[in-house]
Structures are given as structure tokens and as C-alpha cells.
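Q: coordinates only, no sequence provided:
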């Protein structure tokens, strides 16, 4: 009994300390963990969406960038990771003709491996919500993704075409 | 005479070969050359502008990224290079709620050095137009930039605030 009380007390003391640390996102039940290096991925594209009033940046890991620059993205090579980062649209106070990123909405990832993810179109699909990176974890999550991405089956299930840069 | 004719012929033969090579952008008369590594810069921000119907990606070199992540961007440190890349807005054929990058419009750069560029607000200003990277080279170019950027004098003359990422 004493031990249990002690442990409970210890937990109560430790909990706020733990939550004050940087949030470590929980891996999804499909086994995909947040690709930690995603902030250092490089530019694949940008978009503005009227359906959910977001601005997006689409970034890629080294394999994705090499494929994009070589024009070899249909299919994307195994090892590709694409990060799709979203922010609520906000009007710039300083320059009202500009719509700029407001609150961070979510981080979506597509991980290409046509063996590992053969049952979900050759891609692993993952999403974390908000700055707190809350896992978006549903049993039928991949099917939800594919239902929409099947529109671009002829582009290896990926909407984004890499931007042209001089 | 023979020599002149020979040289003219040589030039006529060589010219198409030279133009077939990758376009090398001409440095501006302010001495600023295109920062060649800009495609590998990392994400600082995105925007959508209604005044010129463009989508933008704002990228930064390592010094800029380090400053952005440390929240030390007012002022930005010397050595910062910010690249502002623009594309005409285009409606996605596959997903019409998305506005995506069309033709590349221009690459703007801001290079921070409060000694070297003391006379132009501590920044070097540079612009190249289109995929052919045509120099936008006017004697009063920096003043044209500053005239607008002075709206954000309290943000070290830079409109973009780095995006928040988890």
C-alpha cells in the first residue's frame, strides 16, 4: 500500500515535468514514426487550398529531391519521404495582399516502399495534428487517404508535381 | 580582313553551342551574383499574393535557418540569405480546390550584411526574372525594394516571419 501511494505521488510530481518537455509524437499504429528530420527536407512544392483554407509546403527527403530534380517521380523511388505541412490561411497585417501562414494545422507524410506498403498503394500514410502532433490514428486511415489520392493514380498516387526552378 | 572573317565565322558557329548550355545568370551591377545553392536552402515560409497572383516559397541558408529556429531574426544575423521564389497561381486540374505553382516568375534574394550593405538598410537586394533568370538590374533597384519593405522597418525590413513547426 505504502509503495502504491509513493508511486502515485511520484507520478503526480513527475507528470508536469514530463509534459513541460518537448512533445514527442507517438508513432501511429501502422508503425510509422514521425520522420524527425522533416524540418530539414527541401522544397518540392507549395499550394493554397480553398477547401480547408490552408497554405501548404511540400518538402522531400534527399531521395525525393534527387528524383524530383532528375524528373523521375512516376513512380517515386523507394525511400522517398514527402512531408506536407499545413497552416491556416491568415491575412498579413503588414501587407494585406499577402496570405501568410497562421496556426499550424497538420503534418502529413507519404513514405514510398512498394514492398513494405504494397497493400496501401506502395505508400505508407501518416498524419499528426497541430503543434502538439496528436496522432491521427484510425484503423482505416490509409484507405481514407487512398480514396482521395486515387484521383492521381497515374501520378503514383501523389498530387504534387515538383516545382520548376531555374 | 581574313582574320576578321574567320573570327566572325567562329562566333556564328559557337553561339548556338554556348546558348545550348545551361543559362548562367549574370551578376547584377550591385555585384550580387545568384546564390547558387539556393535550391538547397530550407523552409522559412510560404505565401499567396493577390496583387500579382503568385504563390511564394521563402527559403533560407543555414545561417537564416539557425536564426529562425532560435527565434533570433530581429535583426537577422549577418550572412543570412533569404530566397523568395515565385510562381504564377494555377488551379490544380486534379483537385480544383488547390491552387498550385504555374510558371516560375522570379527569384528575389535578400543578403544581410550590415557593413557591406549599410547604405541599403543592411541588406543586399537582388532579383532575377523567369526561368531564364534575366537580371532585374536598375540603378535605383535597392530603393525600389526599400520603399515597400520600409513598412516592416520594425522587422529588420523583412516581411516574412518564419513559420512555426512542431
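A: Arrived safely. The structure displayed is predicted, hence computed values, not measured ones. Numbers count the residues shown, from 1 in each chain, chains lettered A, B, ... in the order given.
Q: does stretch A:140-154 reach chain B?
A: Yes: using Cβ under 8 Å from any Cβ of the partner chain, stretch A:140-154 reaches chain B at A:151-152. Every C-beta, even on glycine, is put in place using the N, C-alpha and C of the backbone.
Q: which elements pack onto the helix or strand harbouring residue A:68?
A: Here residue A:68, judged by DSSP states H and E, is contained in helix A:62-70. On a contact count with 3 or more Cβ pairs under 8 Å, 6 or more residues apart in numbering or on different chains; DSSP states H and E, helix A:62-70 meets strand A:42-49, strand A:81-91.
Q: list the buried residues for it?
A: Neighbour-count burial for helix A:62-70 flags A:64-65, A:67-68 (criterion: 16 or more other Cβ atoms under 10 Å in any protein chain shown).
Q: could the helices and strands packed on helix A:62-70 go into CSV alongside mean neighbour count?
A: Below are these laid out as CSV (neighbours: other Cβ atoms under 10 Å in any protein chain shown):
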stretch, mean neighbour count
strand A:42-49, 22
strand A:81-91, 20
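Q: where in chain A is pLDDT low?
A: Applying pLDDT under 70 to chain A picks out residues A:1-23.
Q: ok, longest strand in it?
A: strand A:98-112 (DSSP state E).
Q: and that one, is it in reach of chain B?
A: Yes: with Cβ under 8 Å from any Cβ as the measure, strand A:98-112 is seen reaching chain B through A:98-101, A:104, A:107.
Q: buried set for that strand?
A: A:98-102, A:104-112.
Q: gap between the residue nearest the centre of chain A and residue A:67?
A: Nearest residue to the geometric centre of chain A (Cα atoms, centre = their mean): residue A:108, 2.3 Å. Plainly put, residue A:108 is 19 Å away from residue A:67 if you go by Cβ to Cβ, to the nearest Å.
Q: you'd agree residue A:114 is in a helix?
A: No: under DSSP: H, G, I helix; E, B strand; the rest coil, residue A:114 sits outside any helix and is assigned coil.
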